[in-house]
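Chemist: Fold the following for me, if possible:
(one chain, ligands or ions: 1)
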Amino acid sequence: MALFITFEGPEGSGKSTQIQLLAGALRQAGQAVTVTREPGGTRIGNAVRTILLAPEHTEMSQRAEALLFNAARAQLVDQVIKPALARGETVLCDRFGDSTVAYQGYGRKQPLAPLEQIIQFATTGLTPDLTLYLDLDVRVGLERKRTGVGDAWNRMEEETLAFHERVRQGYLDLAATAPRWLVVDATQDVAAVQAVIWLRVRTLLATSGVTYSEVADRT
Ligand code: TYD
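Modeler: Next comes the predicted model:
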């Protein structure tokens, strides 16, 4: 069975590092893995990403923003995620529909019901088997991002601290609603976060009937 695992978190929560580590552990365990991200992951999605995140696009309508994130998502679902799952691969995605609820819903205060319909349309109802939410104080995350070597500063990060606090609260509310969520304390060091994630993924593999090599248990 192919698993669909998403990573969520506020800015600077260390998602990209953990995705790479999990991909490595899964591959070591004999799984075929596709790693992708939102917004982006396809040629069309990357073009939309440039429009979405350009710091100079200060005039962007909030509804246009929500639709563009979901346009990129629809392209990614059709072009990358569904085909990979159909090939039996485990798919790891950096952000997915929950980001729209957290950022556009809680952050921008757009109404949740229409957003959920748009996400449903974009994803055709595809829901992650597991969502790993890397949680940390937004001030710590923004500071990590400012001083780090990751992607350039973008339009979303220009937002106020209150915006990012609402995003975090959105994630915590979402995580309380469904068993597919695992909240991970992202202030721990990289190895500790990795261990918590691997434990949960290993359990999921076992309960999903996926056979994997014990080699990865030593990671
Ligand atoms: P990115 O540089 O990929 O940030 P990160 O490493 O934190 O994922 O930028 C993506 C930004 O877009 C990030 O601030 C979250 C935001 N976003 C939304 O507002 N809505 C969405 O649906 C998605 C997927 C991302």
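Chemist: If you count neighbours, what's buried in the longest helix seen in the chain?
Modeler: Looking across the chain with DSSP state H, the single longest helix is helix 190-207. Counting neighbours by 16 or more other Cβ atoms under 10 Å, one finds that the buried residues in helix 190-207 are Val193, Gln194, Val196, Ile197, Trp198, Val201, Arg202, Leu204, Leu205. No exception for glycine: its C-beta is placed from N, CA and C like everyone else's.
Chemist: likewise stretch 166-183?
Modeler: Arg166, Val167, Arg168, Gly170, Tyr171, Leu174, Ala175, Arg180, Trp181, Leu182, Val183.
Chemist: Sketch out the low-pLDDT regions of this protein for me.
Modeler: 149-153, 211-219 (pLDDT under 70).
Chemist: ok, which residues in it are in contact with the ligand?
Modeler: Counting by Cβ under 6 Å from any ligand atom, the residues of the chain close to the ligand are 11, 38-39, 53, 69, 94-95, 99-100, 103-104, 151, 154, 156-157.
Chemist: and if we set it to 8 Å?
Modeler: Contact residues, the chain versus the ligand (Cβ under 8 Å from any ligand atom): 9-13, 15-16, 37-40, 49, 52-53, 65-66, 69-70, 72-73, 94-97, 99-100, 102-104, 107, 145, 150-152, 154-157.
Chemist: Mind jotting down where the strands sit in this protein?
Modeler: Taking DSSP state E, the strands of the chain run over residues 4-8, 33-37, 90-94, 130-135, 181-185.
Chemist: partners of the third one, with directions?
Modeler: Next to strand 90-94 in the sheet, as set by DSSP bridges, lie strand 4-8 (parallel), strand 33-37 (parallel).
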